[in-house]
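Asker: predicted model and sequence follow; I will ask about them next.
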Amino acid sequence: MQSPILRASCMALSISLVLNQAIAQPASQAIEIITVSATPISIDDAGSSVSVISRQDILDRNAASVQDLLREVPGFSVSQQGSHGAVSQVRIRGAEANQVLVLINGIEVNDLAQGSEFDFSQISTNDIERIEIVRGPQSALWGSDAMAGVIHIITMPNTDHGSFDASIESGSFSTQRATFSANHGSSRHQAKFSVDYLDSDGTNIARSGSEDDGLENLTLSLAGRYATSDNLSLTYTIRHTDKTSEFDAIDFFTTGLPVDANYETASKYLYSGFSVNHFINNTFDHSLKVSRTDTDNETSASSPDKEITRGVRDSFRYQFNYLGDTNRLSLQIEHQTEDYEQRGTASFFGDPNQNLEAKTDSFSSEYRYVGDRFNFSLSGRHDNNSEFDDANSWRMTGNFKWPRATLFASVGESIKNPTFTERFGFYTNFIGNPDLEPEVSLHWEIGARTSLLNEKVDLALTYFDATLENEINGFIFDFGTGGFTSGNVDGESERKGVEMELRYAQSEKIDLTATYTYLDATQPEFNGSDVTEVRRPEHTGSLTMNYRWSQAGLNFAISYTGTQEDDFFPPFPPYQERVQLKAFTLASLSGYYNVNQLVTVTARIENITDEDYEQVYGFTSPGIGGYLGFRLKW
């Protein structure tokens, strides 16, 4: 354990810079980001691998779902259990989905009532201004859930004038979407109100049968900022989503695979938060942030009663910043309370009806040195948790810049506490394990970026290596009950690989981005051997091309997901076996035409080749689909 730390530390002190792996942002642009550090910094000064998906990228891509955009980010793999609205999991560099922190305007939105994961099927791209992505250990700044990285979805308005947007779209699988947003802007107050409605019959997620599994989703959002004076400002967000998604049953008696059933989950998500920011002078400022995440999931399935899980997370954070020209220091104090509730029908596995609470008090700090050619940061965090022993996380980053090349490196250790679901969950054929220990990860990366051909080509390469101890396996077969439970795996799990991104911008009209990721993710078996982690493809890649005219644009995108392994639980011995998911390639074509300054026509074809594929074993994904829409802006 000591040798990797020392090697990575030396590299971080002598080389580093953030890898600007943005889908459609040239590496030479000095984009300011707010997620990678305690205070906003230029992306060129960051010391961790960072990607930015801008509003223009979203419009060019004409993508309706966030997960389609994330497939094109280096280091990412996406698994969706079938059709529109089905649960979507996003993994970074082979880590589990619950080791990735998701923020909306700084509010932690991981659903503690659903395994501390964020279901990306609940959010569209309608009101997103940009998405900031930081790969690697971020627990020192953001806490336990940020072990593998952070996805920060930002919907704050960025205009100082008023405007209105509306759109309608219709297409395959009886899909209808309507959106509306109103922007208010002035020198002191910017606000945006958005409505997004989606209704789709979906497709059949089972291999047999003909019953479609649909989705209905309504989201209302209000976000803004108000400057009461030159030194005092307020920001606020309130976002409510009401989602109903249909799903199929599992045939536990004959096949172990999905089978047609009229099951559904009704979910309500409420995210709210505000912050007060006081700028004392050019050197000192401080802020107070308060947020709440409230989730409610009601599942109507085989049980006579609804299966209900609810989670509430309240967070309070105070931060003080010293902002010198070259030396900067941030101190944070945070208190977080999490309440978990589960209701259901008692069974052989136990009584699911329970109320639980956990509290965490944290202190963290970050030191940052900002120079012309060299940047360095060191951050640390101490967590006092009511359920687990005190824990410490840390991270060190650095970069060294030349006129046309940058070297970068980072290293850090993160802690991930077991989720309520892993410890106390009671579901069909599953019972939690209250004796789980936290997971611990040591993660480092090193890489380089360069510009070629008069800065028309940007090339970035990254090598990463992570060692995970006490990995939690949530699918351990219990021969005593015939069901499943969770448990810590003895030994070390290894995740290592290479990320590459190449961007070619011939002109403002034509650009091309290619990404590739090689991943080797293994975990120890109980017999001492290593086995490949499930749903971690060894090879992934993407290619996106944009062509723009004066009044129109065309986008062609391809994403490749290589073969990957999954677990299958048949209703006969050995009751658990490894299966292989075949590789698949998804291609899409989209475009827009500006009829005039008010009206834009949009069109999109997804899965052009009508690929037959599964992202989770037994769950079929949609075939070819076409969509036509109109967008108004005034």
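Answerer: Great, that's in hand.

Asker: and stretch 539-556, end to end?
Answerer: End-to-end distance for stretch 539-556: 21 Å, by Cα to Cα, to the nearest Å.

Asker: let me redo that: stretch 386-404
Answerer: Per Cα to Cα, stretch 386-404 runs 50 Å from first to last residue.

Asker: and stretch 165-178, by the same measure?
Answerer: With Cα to Cα as the measure, the ends of stretch 165-178 fall 11 Å from one another.

Asker: contacts for that stretch next, please.
Answerer: 64, 83-84, 124, 126, 179-181, 183, 195-203, 212, 602, 604, 622, 624-633 (Cβ atoms under 8 Å, 6 or more residues apart in numbering). From N, CA and C alone the C-beta is placed, and that goes for glycine too.

Asker: mind listing what the closest residue to A301 other than its chain neighbours touches?
Answerer: Excluding the flanking residues, the one nearest A301 by Cβ to Cβ, 6 or more residues apart in numbering is Y263, at 4.6 Å. Counting by Cβ under 8 Å, 6+ apart, Y263 touches E246, F247, D248, A249, T299, S300, A301, S302.

Asker: and if we set it to 10 Å?
Answerer: Residues near Y263 by Cβ atoms under 10 Å, 6 or more residues apart in numbering: D213, S245, E246, F247, D248, A249, T299, S300, A301, S302.

Asker: between those, which is nearest R130?
Answerer: S245 (27.0 Å; Cβ to Cβ).

Asker: burial of the closest residue in space to that closest one that isn't next to it in sequence, as a residue count?
Answerer: Nearest residue to S245, sequence neighbours excluded (Cβ to Cβ, 6+ apart): G85, at 3.7 Å. Number of residues near G85 (other Cβ atoms under 10 Å) recorded here: 27.

Asker: G85: what secondary structure?
Answerer: Here G85 is recorded as coil under DSSP: H, G, I helix; E, B strand; the rest coil.

Asker: isn't it up against Q122?
Answerer: Yes. Applying Cβ atoms under 10 Å as the test, G85 and Q122 come out as touching, 8.4 Å apart.

Asker: what touches both of these two?
Answerer: L215, N217, K243, S245, S267.

Asker: which residues does the residue nearest to A301 bridge with?
Answerer: Residues in a beta bridge with Y263, per DSSP bridges, are F247.

Asker: quick one: it from S170, how far?
Answerer: 27 Å (Cβ to Cβ, to the nearest Å).

Asker: one more: E264?
Answerer: Taking Cβ to Cβ, one finds E264 at 23 Å from S170.

Asker: more neighbours: which of those two?
Answerer: Taking other Cβ under 10 Å, E264 and S170 do not tie; E264 has more neighbours (18 against 14).

Asker: was I right to think the more buried one contacts E307?
Answerer: No. Look at E264 against E307 with Cβ under 10 Å: they stay out of range, at 11.4 Å.

Asker: overlap in contacts, the two.
Answerer: E298, T299, S300, A301.

Asker: helices or strands up against whichever strand or helix holds the first one?
Answerer: Element membership of E298 [criterion: DSSP states H and E] is strand 284-300. Applying 3 or more Cβ pairs under 10 Å, 6 or more residues apart in numbering; DSSP states H and E, one finds that strand 284-300 contacts strand 100-104, strand 107-108, strand 232-250, strand 258-279, strand 307-323, strand 327-343.

Asker: okay, the angle between the longest one and strand 307-323?
Answerer: Same thing as strand 258-279. Taking axes from the mean of the first three to the mean of the last three Cα atoms, to 10 degrees, one finds strand 258-279 and strand 307-323 inclined to each other by 30 degrees.

Asker: what are the buried residues along strand 258-279?
Answerer: Residues of strand 258-279 classed as buried: 258-261, 264-267, 269, 271-273, 275, 277, 279 (neighbour count, 16 or more other Cβ atoms under 10 Å).

Asker: pull the distance from it to the chain's centre.
Answerer: 14 Å (Cα atoms, centre = their mean, to the nearest Å).
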